[in-house]
Every structure is written in structure tokens, then in C-alpha cells.
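> my questions are about this predicted structure, shown below with the sequence.
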Amino acid sequence: MSFQPSARLLSLAAAWAGLSSLPAEAQLAPGTQLDPVLVTATGYPQPLTESLAHSTVLTREDIEGSQAIDLPALLAREAGLQMTRNGGRGAATTLFLRGAPSSQVLLLIDGVPQTRQDATGSISVENIMLDQVDRVEIVRGNVSAIYGSGAIGGVIQVFTRRGNGAPGGDATLEGGAYGYGHVAASASGQLGPTRLAIGISGQQTEGFSAMDPIVYPAANPDRDGYRNSSGSASISHEIAAGHTLALSLTQSDGKLAYDSAFATPVDVQTSQTRLSTARLASSNQFTSDWQSQLSFGWERDDSRYVETGTYGFDSQYISGNQALNWNNRYALTPDWHISAGVNLQRQSINTDDGFGGVYAKSRDVNALLAGAQGRIGTGSVQLNLRYDDIGGVGSKTTGYLGYGLQIAPQWKLVATASTAFNAPPLGYLYAPFFGNPALQPEDARSAELGVQYAADSQYLRATFFVSRVRNEFLYDPVSNKFENIASTDNHGLELTYNGVLGKSELGASLTLQDPVNAATGERLLRRAATLASASLWQPIGAWRVGVQGAYVGARTDNGGVTLTNYSLFSVLAQCELGRGVQLFGRVENLFDAKYQTVYGYNQPGFGAYLGVRWKV
């Protein structure tokens, strides 16, 4: 079948040709800041306002304007997202998305899954810095039918910077509270059919004592500092019209001093974590109808923990994943596309916990996936199916069905239903002493109803969601093993708004939810029923000044302890000094709020920061 593609189809095809991860090189077209291109919701580029999933795109401009230091800080004010951290920067961090913990939220870096396989089941999100990040996409809700295991709460995809336009570069120097220092430099550009980008950065903070001495008097009272050095590089070359080869590399090294409750005040605890990813991809427009992409991704999380004292140890955890993907999209008509692909993964863990728990395990995860997207009158349809075969665990089939009805030029109604699953990490299955090879995957079923308003510079999205997770993994103190012993429910309302009124830029989000244990009705640990944020930016001459606020409701922690609600406010400013020089600064926790996200662990108070950025 042949046809003349529409201008819209040609623009999206052009976007696809420049992409390189499922697809990893998504770029904003000039002048599309209001409606940027979103990739993660379908695996293919589409305007954000056409996404059926409740999604967010944070561009490089957003990242620089936020002055966020790491990925958790950037995400903490987004709808449905809540952060907990065992101390200061670099400490173990959990991101809850719609009440789902990090183990149920899939993180991708340039399309490569970050699937840590040790007994924590979490990811080292605290070690992902932002200097080399071009954009971040957040897709809320079950999308296992596209991505497989781990996407119960949603998917967060990080895209590193790429070379575009004339060669140029930038450099950043920043310092502030708690002995914080930050330097970064990058260069990028396009030379004919070749695009190049490279960047490096370093950060350090002297920090503060992570543990509250009233709760944990045995903890070392010294300051718990953190250092990070990161880098990324990418190269892509258009070998012929519509055919591009791309290679991307990232690495982050984090070194942390932390506190332990099982120690004495003179004992020392340190950790080192190296996150590495690599991806090689071939994107091919074989015909005007057929787009194809073949890619190989590799990731490794290498962590070491050393503690002194009576209960001291030296442990190491090496988790890895290699993934081969072949994805194809075919245009049946200008309004209908079908897709099909194969995903082959090799997941592994090699561990010595320092107490005799030594093991090395691996498994294959093979998947087939298919989808269809199109329009019926004023409505849009998305259908995805995926079959996963997980070595040693079994097979799972997941589906996604969504429908969006354009009831007016600015208004759209959305309804979706989906299933998802989360395979147990290898550590949950095989770790000595507490692994359980009989564990079954967590299952989830979700539904959403939403309404969207998008016109000119205004964007509003409201989504009502319900979700149930069965066979949830919990550590059972009776059997001393991980067991499938829980089911959880969550339902709620998400609101997001972004707009421009006069010269003022406004943003706001509100999440009302009820994540509970389905059997007991009790609120899940550390999850708030109410999350809210708001921001206001105002240009004043050469300055751009902003105020940000965030609210997190009360939560219950281990032992029945209630963590009180808290509000955080920040003031930010940036000034263009000319010749590519920008001065920026911020005050975090303006009113010096005292709060904890994990019981007994301190959080930073008032802090001021100042930096300068130079672009050529």
C-alpha cells in the first residue's frame, strides 16, 4: 500500500529519524515549547497534548530554570511524585509515583532499562545528576504493555544531551550551603550528517549528619558528605537519507558517607556507586510507510558498602542488564499505524554481602510486542499488547487500551484501561538466607478517566485513576523470606496546570490519593494522601525571578510513627549579563522547615546557592 503522507506524518517521521532510544534522541522542534514531542507514552514521537497517558515533558530549559541538582530534586514537584531520602544528597532515595515505590517504576536512560537486581529492588536514582540531561519524560500509570516489567506506577525516561545546530558549549560554576560545590562543562554540535556531544561534571557537599541523634543515639554525629563525578558522550551519523547510526555513553560515580543505627558514634560508613550505560542504535526509514529501529543497550550498577566497628562489613553488589530491541512501525493510512517488536534482555546479579551471602545469578527475559494507533472521527485510539517470558519465573501478557475524544478544539476526554506486572528481582529470588525462588510477579490493573484543556499558552489536565496491585512483595519476618502476601489499592485525582498570564509563567499540581493495604485498609508506609506544588516566574528587566512551593501531607512510617506534613518554599533568580553569561541563584527551604521523609533521618534546612553559567 502506498500513499502521500500528510505534513503532520512527515514531521513525526522526521522526528523519528533523529531519535535513538526507544527512541533516545527525542528533540524539541523549533517553536514547539508549548506542545513538545513526547516519546515514552507510545514508544514513538507524538505531540504531548495527543498523549492518552497523563504525561509530562521537562526540557533542558526547564531543568536549568529549576536549578535542581539531581533527578529526585527535579521530579519532587511533579504531579503524583513523592520523594523519600535517608539523609542528605546521595543517600538512598525512593521515588513514589501514584503510590508505587521505585521497584514498581521503570527508569530508562536513553531507552536503556535501569533494572537493579539486588535484594533492595530499587534503583540508584540519587546518583543521576542533570548536567548531561537534555530532557525528562514522565508517563504515569501502567504501561507494561509497552515496556514490560516494572511499569506499574509508570515510566520515567532520561534523555542525555545530543549535538544539534552549530558547534557550541557551556560551562557552569556553582557553590553554596553545606559546603556545596559544582562544576560542569559540555560541548556539542552538528557537522554535516554527524552530531556530537560530550559533557563532564563534578559535585560535592560536606552535608550534615544523616541521622537524628534523639532517635539513633549510636549514629556517628559527623557530617555525611557526598561526591559525584559524571560524564556522557554521544555521536550519531546519517549514513544515508533516513538511515542513522548512533552511540551514547553515560557514567556516574557517587561516593557517600552515611550513618548506621547498628554502630557506635565512632564507627564510619561509606558507599561507592558507579552507574554506567551504553547504547548503539540503527534508525531506518526503509520506505515512507515503514520505520524500523534496531538497538543494543547495556547497563551496570556497581555498588560497594564499607562499615567499621563490631558489626562492620565490606559488601559489593554488581547488577547488570543487556537488552536487544527491534521495533518497527508501519503506516497503514495517514491516520493509522501498527507497530511490532522484539525485546531480548539478559539480567544478572553478582553479590557478596560481607556476611557470607555470596551468589551470582542471571536470567533471560524475552518479549514480543505489538500495537496500533489511529483516529476514528474525532477520537483517537491506542492499543498495545506484550508477551514476556521471564526465565525461572514464568510468562505474562499485558495490555493497554486507550481512547481520547476531542469534544471541542481545546477540550479532550480520555479513558484508559491497562494491566501491568513486576517480576521479582533476582535478589528477592535467590539471595542467601531470605530469597524465595517461588515468588510470583506482582500483577496490577488500572483504569483512568481524564479531561484535558490545551489552547494557546494554557494547558490543564485532570485525571481520576484507580489501581490494584496483587501479590505484592513484602519481607515476612515469620518466614524470614520475601513473600507474595499483600494486595494494595490506590485511587485518586491528579491535576496539572501550566500557562502564561501576561508575562507571568504559572505552574501547579495537585494529587489526592488513597494508597492502602487492600486487606486492612491501612495507609501504605511513607505515602502521603495529599501532594501539591505551585510555581510563579516573572521577568523583571534582565532578571527572571521565581517562587516555588511544595506540600506533602502526613505519612505513617515503621513502628506506627506519624511523619507530620510539611511545606517547602524556594526563591530562584537568573540574570542574563550578556556575552552568553548568566548569573543564577536560589534559596532552598526558605523558612527553614524541620521535616523528615524517613523516620529518624534529617533533611536539609535553609540554604543559599549562587552560580554562573557561560554559553557559546
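Everything's here; your move.
> which strand residues bridge S271?
L256, Y305 (DSSP bridges).
> got the contact list for it?
Shown in contact with S271 (C-beta atoms under 8 Å, 6 or more residues apart in numbering): G254, K255, L256, Y258, S303, R304, Y305, V306. Yep, even glycine has a C-beta here, placed from its N, CA and C like the rest.
> nearest to G341 among those?
Distance to G341 across these (C-beta to C-beta) is lowest for S303, with 31.5 Å.
> helix or strand for N284, which one?
strand 269-285 (DSSP states H and E).
> got the CA coordinates for that strand in CSV?
Output of strand 269-285 as CSV, limited to C-alpha atoms (Å, rounded to 0.1, in the frame of the first residue of the first chain):
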residue,chain,number,x,y,z
GLN,A,269,30.1,4.0,57.0
THR,A,270,30.8,4.8,53.3
SER,A,271,29.5,3.7,50.0
GLN,A,272,30.6,3.9,46.3
THR,A,273,28.2,3.5,43.4
ARG,A,274,29.0,3.6,39.7
LEU,A,275,26.1,3.7,37.2
SER,A,276,27.1,3.0,33.5
THR,A,277,25.0,2.8,30.4
ALA,A,278,25.8,2.3,26.7
ARG,A,279,23.6,2.2,23.7
LEU,A,280,24.1,1.5,20.0
ALA,A,281,21.2,2.0,17.6
SER,A,282,20.3,2.0,14.0
SER,A,283,17.2,4.0,13.0
ASN,A,284,16.0,3.3,9.5
GLN,A,285,13.2,4.8,7.3
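> now the helices for this structure?
Here the chain has its helices, by DSSP state H, at 7-17, 60-66, 71-75, 144-147, 426-430.
> list the beta-bridge partners for the residue nearest the centre of the chain.
Among the residues of the chain, the one closest to the centroid is I156, at 3.1 Å (C-alpha atoms, centre = their mean). Beta-bridge partners for I156, by DSSP bridges, are L107, I138.
> so A177 makes contact with Y609?
Yes. Using C-beta atoms under 8 Å, A177 is in contact with Y609, at 6.6 Å.
> which neighbours do those two share?
E588.
> thinking again about what came up before, tell me the one among the contacts of S271 nearest to Q538.
G254 (35.7 Å).
> how about the contacts made by the closest one?
G90, S124, E126, N127, Y226, R227, N228, S271, Q272, T273, R274, L275.
> out of those residues, which are buried?
G90, S124, E126, N127, Y226, R227, N228, S271, T273, R274, L275 (16 or more other C-beta atoms under 10 Å).
> min pLDDT across those, which one?
For these, the weakest pLDDT value sits at S124, with 88.
> skipping its backbone neighbours, what lies nearest that residue in space?
Counting by C-beta to C-beta, 6 or more residues apart in numbering, S124 lies nearest to T273, which is 5.2 Å off, once chain neighbours are set aside.
> same question for G354.
Counting by C-beta to C-beta, 6+ apart, G354 lies nearest to F313, which is 3.1 Å off, once chain neighbours are set aside.
> which strand residues bridge the one you found?
E307.
> residue ranges in this structure under the pLDDT threshold?
Confidence mapping of the chain against pLDDT under 70 gives the ranges 1-34.
> one step back: from the buried ones among the contacts of G254, pick the one nearest G392.
Proximity of those to G392 was ranked by C-beta to C-beta; the top entry is S124 with 24.5 Å.
> does the closest one touch S276 like I think?
No. Counting by C-beta under 8 Å, S124 stays clear of S276, with 11.1 Å between them.
> check contacts around the residue nearest to S124.
For T273, counting by C-beta under 8 Å, 6+ apart, the contacting residues are S124, N127, S252, D253, G254, L256, D301, D302, S303, R304.
> among those residues, which ones are buried?
S124, N127, S252, D253, G254, L256, D301, D302, S303, R304.
> distance of N384 relative to T59?
26 Å (C-beta to C-beta, to the nearest Å).
> more neighbours: the two, which one.
A side-by-side neighbour count of N384 and T59, using other C-beta atoms under 10 Å, places N384 first with 23 against 16.
> how about the more buried one, what does it touch?
By C-beta under 8 Å, 6+ apart, the neighbours of N384 are T42, V143, A145, I146, L369, A370, G371, G399, Y400.
> in a markdown table: the residues you listed, plus distance to L107 and neighbour count.
Formatted as a markdown table, these follow (distance: C-beta to C-beta, whole Å; neighbours: other C-beta atoms under 10 Å):
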| residue | distance to L107 | neighbour count |
| --- | --- | --- |
| T42 | 18 | 26 |
| V143 | 13 | 29 |
| A145 | 18 | 24 |
| I146 | 15 | 28 |
| L369 | 19 | 22 |
| A370 | 24 | 15 |
| G371 | 22 | 22 |
| G399 | 23 | 15 |
| Y400 | 19 | 27 |
